[in-house]
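K.L.:
Would you be able to build a 3D model of this:
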Amino acid sequence: MELDLGRLQAWLAPRVEGVGTDLSAERISGGQSNPSWLLGSGGRRWVLRAKPAPTAELPPSAHAVEREYAVQSALEGTGVPVPRMRALCEDEAVVGVVFYVMDHVDGRIFREGWAPGLEVSERRELFEGMVEVISRLHTLDVVALGLTGHGRPGDYFSRLFSRWTRMYQATQTVEIPAMDRLIEWLPANLPAHGTDEVTIVHGDYRLENLIVEPDTPRIAAVLDWELSTIGHPLVDIAYTALSWHLSDGGVRGFAGRDLAALGIPTETELVTTYCSLAGRTDTEQVLTDWPFYLGCNFFRLAAILQGIAKRVQQGIAAGPNAAEMGAMAGPVAQIGWDLVAGARAT
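P.N.:
Below you'll find the model as predicted:
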């Protein structure tokens, strides 16, 4: 997909201050879903994030850049760091797809889950900051943010299982027995308490979706809000914890590494710190139910990876390592099944 800079500049100029006739666009590498470009004009920089090319034969609910724009606009000034939103274009005549433009945020993105290159003390501060930011998000008032329409608050788990089962089956390219088991087991084994909790959730909160300040381990911005919704906070933080169970590879984590030597908290420390910062008083119950919340996320992640595999098959995958990512759908589903079946420790 190529941008028509003439049309884009004409649309942006009256809406985004600083956009001139010298507008440039450079494709940003990384990411598997919504393609992005770095825009420049007059010494200023922005990021354009778009839906994929309209040839994609995927469910219409996927690649919802409008949702990303809405939630990040609402979060401005809340203490959850997000780029400033500048303009949303729903007129596909401009560049061929819906897109939005936001400020470019200077900083570092760590593609490896254990943030190589940092000192131990810096890595510890970074992971502490990750927990602080997600706990802050989960304590925000959905009504005050004006995001009550960002998702349906009731019956979250049945909707989660239904949606991702449909998404998985719509993009399935191979049989994955572990996925079939998760689809059957998860809805039948909801925790006895707390399943009615709802808050704003990110949906893909991991190190690779954070911009870290250039010279400090502080988080400058949280990116990629495509999967955000009104959902369950423990499912959201459990998604972050998948890195504790995944090793380096297409889906990046740090399982098997010496966490103490790296300055990374244990998974139990992650959960207890999160519960404390989020003001929860049910830490022991959360730890008891933790395999279920992990299982929900391995199920969903496997469905997302299967979608990537489908895009590879169709020849429309956005990321350079898409084939490697898509091939992880089966192994990821197997980890999820092993966790809920008790064959793998948390």
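
K.L.:
Can you mark which positions in stretch 4-19 are buried?
P.N.:
5, 8-9, 11-12, 16, 19 (16 or more other CB atoms under 10 Å). Backbone N, C-alpha and C define where each C-beta goes, glycine included.

K.L.:
Look at that stretch and report the distance between its end residues.
P.N.:
15 Å (CA to CA, to the nearest Å).

K.L.:
what residues does that stretch touch?
P.N.:
20-21, 23-25, 39, 41-42, 44, 46, 48, 86-87, 89, 91, 93-96, 101 (CB atoms under 8 Å, 6 or more residues apart in numbering).

K.L.:
Please list only the buried members of these.
P.N.:
Looks like the contacts of stretch 4-19 have 23, 25, 39, 41, 46, 48, 86-87, 89, 94-96, 101 buried, using 16+ other CB under 10 Å.

K.L.:
Would you point out the most distant pair within those residues?
P.N.:
Using CB to CB, the buried ones among the contacts of stretch 4-19 span at most 20.8 Å, a distance reached by 41 and 96.

K.L.:
got the contact list for the residue most central in space within the chain?
P.N.:
Among the residues of the chain, residue 204 comes closest to the average C-alpha position under CA atoms, centre = their mean, at 2.0 Å. Going by CB under 8 Å, 6+ apart, residue 204 touches 224, 226-227, 239.

K.L.:
check contacts around residue 24.
P.N.:
Here residue 24 is in contact with 5, 39-41 (criterion: CB under 8 Å, 6+ apart).

K.L.:
ok, 7 Å please
P.N.:
39-40 (CB atoms under 7 Å, 6 or more residues apart in numbering).

K.L.:
So what does it look like in phi/psi?
P.N.:
Backbone torsions of residue 24, given as degrees, to the nearest 10, read phi -120, psi 160.

K.L.:
Let me see the confidence value for the closest residue to residue 301 other than its chain neighbours.
P.N.:
The spatial neighbour of residue 301 that comes closest, neighbours along the chain excluded (CB to CB, 6 or more residues apart in numbering), is residue 332 at 5.4 Å. For residue 332, the pLDDT comes out at 96.

K.L.:
Tell me the one of the buried residues of stretch 4-19 nearest residue 325?
P.N.:
Comparing the buried residues of stretch 4-19 against residue 325 with CB to CB places residue 8 closest, at 29.2 Å.

K.L.:
Now that closest one: which helix or strand?
P.N.:
helix 5-12 (DSSP states H and E).

K.L.:
which parts of stretch 254-266 are buried?
P.N.:
For stretch 254-266, the neighbour count (16+ other CB under 10 Å) marks 254, 259, 262-265 as buried.

K.L.:
Sorry, slip of the keys, the one I care about is stretch 322-337.
P.N.:
Applying 16+ other CB under 10 Å to stretch 322-337 flags 322, 325-337 as buried.
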